[in-house]
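Chemist: what follows is a predicted structure for the sequence shown.
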Amino acid sequence: MKVNTMFFSATGTTRKVVSRIAEKISENLEKGMVVKSFDFTLPNARKEPVSFTKEEIVVVGVPVIAGRVPNVLLKYLNSIKGNDALAIAVVLYGNRNYDDALIELRDILQLNGFKVIAGGAFIGEHSFSKILAKDRPDEKDMAIASDFADQIYSKITAEADFQIVNVKGKSPYRDYYRPKNLQGEPVDIRKVTPLTNSDCNNCKLCVSVCPMGSIDKEDVSRLIGICIKCGACIKNCPTQAKYYDDEDYLRHKYELEIEFASRREPELFL
Ligand SMILES: Cc1cc2nc3c(=O)[nH]c(=O)nc-3n(C[C@H](O)[C@H](O)[C@H](O)COP(=O)(O)O)c2cc1C
């Protein structure tokens, strides 16, 4: 069997976990076998149609956005053809909660012709923060990812007929999680966009890492598309020139950092 990864990963945490799982499964199957990667973080990659065969295993990962699969990815995810390939559904979340993201990803994959045999929810440094789940996935998380891969390998070699894996989450899925203001009323931060300070040296790295292709190449302080607040431009900027000043966004970030500070651990489903 051939092993593949498919992932969207604006700040690299999803890529890290998905790659480890796939590499370890592949190593167990056959030493030296190369894992094929489909990184669909950038807009151009989401223009390519992708399909698999029943001789393939695909480790598919997305970050959790508002407790769900990022809605900007739904169209693309629904265009992938499983053709009975085995799939492992993986979500990365920033230590708040993954709510219904894992069950939603599992269902999307199953509906598109994959046999979803395992699922995992892992923790990654929160896109909004440099302190919430800082530097995760860490060594302990990566060791859990390796063990998870070993268990998946055992399942693949022991079973011939696969049932869809049970994972945590509610169906029908709950609504997208919404931050609240000081008065406890839900706020909409979807329209919030990053600003650029005078430390910007116009290197244009932000243009090349924006998963929505939304930063204007001619004027990097201008947005020409939507911002999903994925953190790619903020965390990759070599001069820390990108930032948010929206009051509701900053309050939400602060609240997350305080309220969800205690460490959560990965959850695995097989
Ligand atoms: C708009 C947005 C909403 C998010 N919502 C959640 C959430 O509901 N729960 C959570 O724990 N983390 C949430 N996160 C954090 C990411 O899921 C987390 O940081 C993930 O590790 C990022 O993956 P990446 O490094 O592959 O981009 C959110 C991030 C963004 C950008």
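Modeler: Right, received. Where do you want to start?
Chemist: from what I see, L250 and L256 are in contact.
Modeler: No - using Cβ atoms under 8 Å, L250 makes no contact with L256, being 10.8 Å away. To be clear about C-beta, it is placed using only N, CA and C from the backbone, and glycine gets the same treatment.
Chemist: which of those two has more neighbours?
Modeler: The neighbour comparison of L250 against L256 (other Cβ atoms under 10 Å) goes to L256, with 20 against 15.
Chemist: that one - that's part of a helix, no?
Modeler: Yes - checked against DSSP: H, G, I helix; E, B strand; the rest coil, L256 lies within a helix.
Chemist: who touches the residue positioned nearest the centre of the chain in this structure?
Modeler: In the chain, the residue lying closest to the centroid (Cα atoms, centre = their mean) is P63, at 2.1 Å. Contacts of P63 were listed using Cβ atoms under 8 Å, 6 or more residues apart in numbering, and they are F8, S9, A10, T13, T14, P70, V91, L92, Y93, G124, S127, C230.
Chemist: pLDDT value on it, please?
Modeler: pLDDT recorded at P63 is 98.
Chemist: and it, how far is that from the ligand?
Modeler: 3 Å (Cβ to the nearest ligand atom, to the nearest Å).
Chemist: just to revisit the earlier point, got CSV for the contacts of P63, with distance to the ligand too?
Modeler: Putting these into CSV (distance: Cβ to the nearest ligand atom, whole Å) gives the following:
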residue, distance to the ligand
F8, 7
S9, 3
A10, 4
T13, 3
T14, 3
P70, 8
V91, 8
L92, 4
Y93, 3
G124, 2
S127, 4
C230, 5
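Chemist: show me the shaky parts of the protein.
Modeler: Scanning the chain for pLDDT under 70 picks out nothing.
Chemist: spell out which parts of it neighbour the ligand.
Modeler: 9-14, 63-67, 92-97, 124-127, 177, 228-230 (Cβ under 6 Å from any ligand atom).
Chemist: now the buried members of those.
Modeler: 9-14, 63-67, 92-96, 124-127, 177, 228-230 (16 or more other Cβ atoms under 10 Å).
Chemist: from these, which land in strands?
Modeler: P63, L92, Y93 (DSSP state E).
Chemist: name the nearest of these relative to Q240.
Modeler: Checking these against Q240 by Cβ to Cβ gives P63 as the nearest, at 22.0 Å.
Chemist: bridged to S37, which residues?
Modeler: Note on S37: beta-bridge partners T5, judged by DSSP bridges.
Chemist: and the gap between it and the ligand?
Modeler: 14 Å.
Chemist: can you pull the domain assignment for this protein?
Modeler: Domain assignment for the chain by automatic domain parsing gives 2-174, 195-258.
Chemist: what distance separates the start and the end of the longest one?
Modeler: Distance between the boundary residues of domain 2-174 (Cα to Cα, to the nearest Å) amounts to 35 Å.
Chemist: next one: that domain to chain centre, how far?
Modeler: 8 Å (Cα atoms, centre = their mean, to the nearest Å).
Chemist: and what of the last one?
Modeler: On the basis of Cα atoms, centre = their mean, the separation between the geometric centre of domain 195-258 and that of its chain is 18 Å.
Chemist: buried residues in stretch 214-227, which are they?
Modeler: So for stretch 214-227, counting by 16+ other Cβ under 10 Å, buried means S214, I215, V220, C227.
Chemist: of those residues, closest to the ligand?
Modeler: C227 (9.3 Å; Cβ to the nearest ligand atom).
Chemist: mind listing what the closest one touches?
Modeler: If you count contacts by Cβ under 8 Å, 6+ apart, then C227 has V192, T193, P194, M212, S214 around it.
Chemist: tell me the one of those residues nearest D84?
Modeler: M212 (32.4 Å).
Chemist: tell me how many other residues crowd the closest one.
Modeler: Neighbours of M212 (other Cβ under 10 Å): 17.
Chemist: please identify the helix or strand for it.
Modeler: If you go by DSSP states H and E, M212 is not part of any helix or strand.
Chemist: and it, how far from A87?
Modeler: Going from M212 to A87 by Cβ to Cβ, to the nearest Å gives 25 Å.
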